[in-house]
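S.K.: Sequence first, then the predicted structure:
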Amino acid sequence: MPSTASFNLFPVPNDGRFTATISYPTLAKFNIKVYNELGVEIFTLPNIEVNGTVSRQIDLRPAPAGIYTVIFESGDKRAMKKVLITR
């Protein structure tokens, strides 16, 4: 991702509900995908239009406690964050 892009997840840890924030200075489309510890995609939010800052609520409940990988994609560019779900 370009250095002007930023991605945040909060709160961490959480109970399966959290907010993903994407900041990007020009119009672009992003996908958010969440993978479990086995690398299986369990959630996707496609075609999020960003021109500035956009936040999306993600609710993975009743996903079990563990560490999940959140991938932010735009075209062939990817950024990764980890999120901890506790009970």
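M.R.: That came through fine.

S.K.: and Met80, bridged to which residues?
M.R.: Per DSSP bridges, the residues bridged to Met80 are Ile71.

S.K.: try Ile32
M.R.: Leu45, Phe72.

S.K.: Surely it is in contact with Phe18?
M.R.: No: at 11.2 Å, Ile32 does not count as touching Phe18 under the criterion of C-beta atoms under 8 Å. C-beta: built from backbone N, CA, C; applies to glycine.

S.K.: where do the contact lists of those two overlap?
M.R.: Counting by C-beta atoms under 8 Å, 6 or more residues apart in numbering, the contacts common to Ile32 and Phe18 are Ile58.

S.K.: neighbour-wise, which of those two wins?
M.R.: Applying other C-beta atoms under 10 Å to Ile32 and Phe18 shows that Phe18 carries more neighbours, namely 23 against 20.

S.K.: Would you agree the more buried one is in contact with Val12?
M.R.: Yes: using C-beta under 8 Å, Phe18 is in contact with Val12, at 7.1 Å.

S.K.: Let's test this: mean pLDDT of the helix or strand encompassing Val50, rounded?
M.R.: Assigned by DSSP states H and E, Val50 belongs to strand 41-59. Averaged across strand 41-59, pLDDT comes to 97.
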